[in-house]
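[1] got a predicted structure here, sequence first:
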Amino acid sequence: VQLQASGGGLVQTGDSLRLSCTASGRAISSGVMGWFRQAPGKEREFVGSINWSSGQTVYVNSVKGRFTISRDNAKNTMSLQMNSLKPEDTAVYYCVATPSPAIGRWVYWGQGTLVTVSS
């Protein structure tokens, strides 16, 4: 599975941005996809995930109510809608996937896309 993330850019505080991640090579039919981010000088952080079959989502507390993860089964694409962006959301965002939660780790990683939020 190859993951291709897109949609990053430079925005101002309070703006919105939508990231997309398309999976190719294999359909994500029963797995989980998610997003991580890594800010300059900081460790990589889990942002959120979506169960591909149920649509159930999980988010880190710092983005709850501002970020929304969705998926398009037909296009094998996951999106991250980011609203009310803050400077602390500045980071490289990575999409990830695993064929099954039972595996216990993220098997596939995409290249990052940079999100910069200016104050």
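    Everything's here; your move.
[2] could you use CA atoms for every contact and neighbour count after this?
    Fine.
[3] the spatially most central residue of the chain: helix or strand, and which one exactly?
    By Cα atoms, centre = their mean, the chain has its centre lying nearest to Trp35, at 2.8 Å. Assigned by DSSP states H and E, Trp35 falls within strand 32-38.
[4] chain center to that strand, what's the gap?
    Relative to its chain's centre, strand 32-38 lies at 4 Å (Cα atoms, centre = their mean, to the nearest Å).
[5] can you check stretch 100-108 too?
    Chain-centre distance of stretch 100-108: 16 Å, with Cα atoms, centre = their mean.
[6] gap between the two ends of that stretch?
    Using Cα to Cα, to the nearest Å, the end-to-end distance of stretch 100-108 comes to 11 Å.
[7] before we move on, back to that, pLDDT of the next helix or strand after the strand holding Trp35, averaged?
    The element immediately downstream of strand 32-38 (helix or strand, assigned by DSSP H and E) is strand 45-51. Strand 45-51 carries an average pLDDT of 97.
[8] where do the strands sit along this structure?
    2-6, 9-12, 17-24, 32-38, 45-51, 57-59, 67-72, 77-82, 91-98, 108-109, 113-118 (DSSP state E).
[9] what's the angle from the fifth one to strand 91-98?
    Orientation note: strand 45-51 sits at an angle of 40 degrees relative to strand 91-98 (axes from the mean of the first three to the mean of the last three Cα atoms, to 10 degrees).
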